[in-house]
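**Q** One predicted model, sequence on top.
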Amino acid sequence: MNLIISTISQGFIWAIMAIGLYITFRILDFPDMTVEGSFPLGAVTTVIMIQHGYSPEISLLVAFLFGCLAGFATSFMYTKLHIPSLLAGILTMTALYSVNLRILGKANMSLTKSNNIFNSYGLDKLPVNFNGIILGIIIIAIITSLLIIFLNTEKGQAVIATGDNETMAASMGINTTVMKFIGIMVSNGIVALTGGLIAQQNGFADVNMGIGSIVIGLSAIIIGEVIYPDVPLSIRIITIVIGSIVYRLILMIVLQLGFNTNDLKLISAIILALCLALPTIRAQFFQAFRNGVKSK
Amino acid sequence: MKHTKRLYGTIIFLFAFLIFAFFYTGHNEKVAKNKIPKVGVLQLMSHPALDQINQGLDDTLKKHGYINGKNIKIEFQNAQGDQSNLRTISKQFVQDNVDVAVGIATPSVQSLKNATSTIPIVMGAVTDPKGFGIIPSNTKPGGNITGVSDQAPLESQLKLIREIMPDLKNIGIIYTSSDMSATTEMKKMKKIAAKQGLNVTVSSISNVNDLEQVSTSLSQKVQAIFVPTDNTVASGMKLLSSIAAKQNIPVFPAATTMVKDGGLATYGLSQYELGEQTGEDVVKILRGKGKPATMPVTFIKKGHLILNEKQAQKLNITFPESVIKRAQKEGKIIK
């Protein structure tokens, strides 16, 4: 039972990152590799701030701002210097490795003075692992509402239009460059915030902790889309949360079945590939089914 | 519309489950006592040095009569370097109520520490547990964590280097910036060498791809290169030694495994022995002969003198008679 709860709790926290990733990946149609750098950036910022006596909340806010800066770097290279999107992200991610190392001063640091958001506000009095769930739900609720409110403003609609069809958006007088800046910065801010949360939950930050984070985020988005196709944008964000939890549960089952953990990366990739291919397989299956009905 | 309904269904189910779990876990769920002792081993990633520690641990448990599946259950998990896996596996160990949890490499230990403050945790090789903020003191850990440090006997190593190269003035150190153990040893070695009046040049790499360029540049500035216990450099040791050999520069690694791959000599710890010591700690706790709080962290003092004769010939270096004799007695000469 504890294991399932712990898994769900992980699902909630990682879902926040997936929501951030959704802004670039789906809304802006921009595959953003920056997250593998902005995720640990948030973690190292948070740990250093807390070690210097700042409150966990302030440190998360600063992590968010730093993430926005990382997003700024990528958008600048992409929009102003016309570096291809994937490459711009990879460049920022690579540069952030050194930045993270500078901020942290070393490769790995524990949070010794255990003042973190997971045990403030009486969250530690809850049954085991429920602090992550409650906190996850609260943060997701805040971010989702802010995001939905924003996306329904004129600016937000402009961001969506930019992702849908840039040429069309530009012809309607939308400054697509600014929209990309906004989208990529907010996205990386949310990712860095998640990095900060994970560092507080795990009790340490490590400069290598970003590796593979993009796969976790994408899995959540795509599993959500596969289970619930065709839903409006605001509900889509909720499906990401479900997707994130489902992904964690699948991994937990895989671990419980006693698979060799050396194969875990392979299994994660297969899960993601299957989910990506599922709509195609489903379409072809229905096509074959209809053809079968016709021939009768 | 159909999908939105299904989504609401899922959400209601999820919350119903969570509410149920909230009260359920709050009240009972007493963890059943294990019939046979259970040891959970969490290894950070697949890597020869880390695998050796695990091997040493396994063999030691066997030596003490613990046979996996018969009178002990050893649950080995490898996190493949993934943060969320570390956490999931740690939680799983706590859930399984293991009697002892072993963390191989620093992040594994940190993750276990975060998951439990009651289950004994044995560190399988953390360079400086106090320095990394894992325990308050290396001599009196106080909590539920103790174990083995893999800090190399750096003083003896430098002494050996100076014996082999009496004219040494400039020494270079190469290490990986994301490797905590390597960074700690680099800093310590830099201090020791500077105290002895040597000029130290330090170069760092971020991954094995940087090794060629960085080591080429470093080997032009120094007379010898020292490598701390560094996983990344270890995997590129052959490359490093061949680049250094072009300038006739010997490489002195901190770990014995690296001598085989072209290092000249070392006075080092074997990862396998670290694993053995880790195993000894586990057995002590399993048999109730010790509690982590009062078991000091083990720093292995005794190293093995290992010389690489083949590399010496390539570099036109002759080992002093005394060093060869010592190696024959308490170490190994690779020919």
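**A** Happy to help now that I have it.
**Q** any weak-confidence spans in the stretch 151-300 of chain B?
**A** Along the stretch 151-300 of chain B, no part satisfies pLDDT under 70.
**Q** And the strands in the stretch 1-150 of chain A?
**A** With DSSP state E, counting those that start in this stretch as the criterion, the stretch 1-150 of chain A has strands at A:108-110.
**Q** List, one by one, the residues from it near chain B.
**A** A:1-8, A:10, A:14, A:97-98, A:101, A:106-112, A:126-130, A:133 (Cβ under 8 Å from any Cβ of the partner chain). C-beta: built from backbone N, CA, C; applies to glycine.
**Q** now, which of those residues lie within helices?
**A** A:2-8, A:10, A:14, A:97-98, A:101, A:130, A:133 (DSSP state H).
**Q** among the residues you listed, which ones are buried?
**A** Burial by neighbour count, 16 or more other Cβ atoms under 10 Å in any protein chain shown: within these this picks out A:2-8, A:10, A:14, A:97, A:101, A:130, A:133.
**Q** For the stretch 201-335 of chain B, which residue gets nearest to chain A?
**A** B:Ser206 (5.9 Å; Cβ to the nearest Cβ).
**Q** how many other residues sit next to the nearest residue to B:Gln52 once chain neighbours are set aside?
**A** Leaving out its chain neighbours, the residue that sits closest to B:Gln52 by Cβ to Cβ, 6 or more residues apart in numbering or on different chains is B:Gln271, at 3.8 Å. Residues contacting B:Gln271 under the criterion other Cβ atoms under 10 Å in any protein chain shown number 25.
**Q** wait, B:Gln271 sits on B:Asn54?
**A** No: judged on Cβ atoms under 8 Å, B:Gln271 makes no contact with B:Asn54 at a distance of 9.4 Å.
**Q** ok, which stretches of chain B are helices?
**A** B:2-27, B:48-63, B:83-95, B:106-115, B:154-164, B:180-195, B:211-219, B:231-235, B:237-246, B:257-260, B:271-286, B:309-314, B:321-330.
**Q** Tell me which of those helices lies nearest to A:Leu87.
**A** A:Leu87 lies closest, by Cβ to Cβ, to one member of those: helix B:211-219, at 21.5 Å.
**Q** which intervals of the stretch 151-296 of chain A have sub-threshold pLDDT?
**A** A:260-262, A:293-296.
**Q** got the residues of it near chain B?
**A** Residues of the stretch 151-296 of chain A lying near chain B (Cβ under 8 Å from any Cβ): A:198, A:201-204, A:206-209, A:211-212, A:216, A:227-231, A:235, A:238-239, A:242, A:245, A:248, A:251-252, A:255, A:260-262, A:264-265.
**Q** Now, of the residues you listed, which are buried?
**A** A:198, A:201-204, A:206-209, A:211-212, A:216, A:227-228, A:231, A:238-239, A:242, A:245, A:248, A:251-252, A:255, A:261, A:264.
**Q** Those residues in helices, which ones?
**A** Those of these lying in helices (DSSP H): A:198, A:201-202, A:216, A:227, A:238-239, A:242, A:245, A:248, A:251-252, A:255, A:264.
**Q** how about the residues of the stretch 51-200 of chain B near chain A?
**A** Checking the stretch 51-200 of chain B against chain A by Cβ under 8 Å from any Cβ, the hits are B:77-89, B:91-92, B:94-95, B:106-107, B:110-111, B:113-114, B:132-134, B:177-180, B:183.
**Q** which of those residues are buried?
**A** Using 16+ other Cβ under 10 Å, the buried ones in these are B:77-89, B:91-92, B:94-95, B:106-107, B:110-111, B:113-114, B:132-134, B:177-180, B:183.
**Q** returning to that earlier point: any idea how far the residue nearest to B:Gln52 is from B:Ser181?
**A** 12 Å (Cβ to Cβ, to the nearest Å).
**Q** Check whether A:Met172 really touches A:Ala161, as I assumed.
**A** Yes: at 7.0 Å, A:Met172 counts as touching A:Ala161 under the criterion of Cβ under 8 Å.
**Q** Among the two, which residue is more densely surrounded?
**A** A:Ala161 (17 against 11).
**Q** And the residue nearest in space to the middle of chain B, what's its pLDDT?
**A** Compute the mean C-alpha point of chain B, and by Cα atoms, centre = their mean the closest residue is B:Ala125, 4.2 Å away. Looking at B:Ala125, its pLDDT reads 80.
**Q** got it, and the one 4 residues further on?
**A** On the pLDDT scale, B:Pro129 is placed at 87.
**Q** gap between the nearest residue to it once chain neighbours are set aside and A:Phe64?
**A** The spatially closest residue to B:Pro129, leaving aside those adjacent along the chain, is B:Ile135, at 4.9 Å (Cβ to Cβ, 6+ apart). Per Cβ to Cβ, B:Ile135 is found 32 Å from A:Phe64.
**Q** Those two: which has the busier surroundings?
**A** B:Ile135 (26 against 23).
**Q** I'd assumed B:Val122 was in contact with the more buried one.
**A** No: with contact defined as Cβ under 8 Å, B:Ile135 does not count as touching B:Val122 (12.0 Å).
**Q** Could you tell me which residues touch both of those two?
**A** Taking Cβ atoms under 8 Å, 6 or more residues apart in numbering or on different chains as the criterion, B:Ile135 and B:Val122 both touch B:145-146.
**Q** low-scoring stretches of the stretch 1-150 of chain A, by residue?
**A** In the stretch 1-150 of chain A (pLDDT under 70), the answer is A:112-114.
**Q** Apply 80 and report the result again.
**A** A:1-3, A:107, A:110-115, A:119-129 (pLDDT under 80).
**Q** for it, what spans make up the helices?
**A** A:2-22, A:35-51, A:56-75, A:85-104, A:130-151 (DSSP state H, counting those that start in this stretch).
**Q** Cool, thanks, talk later.
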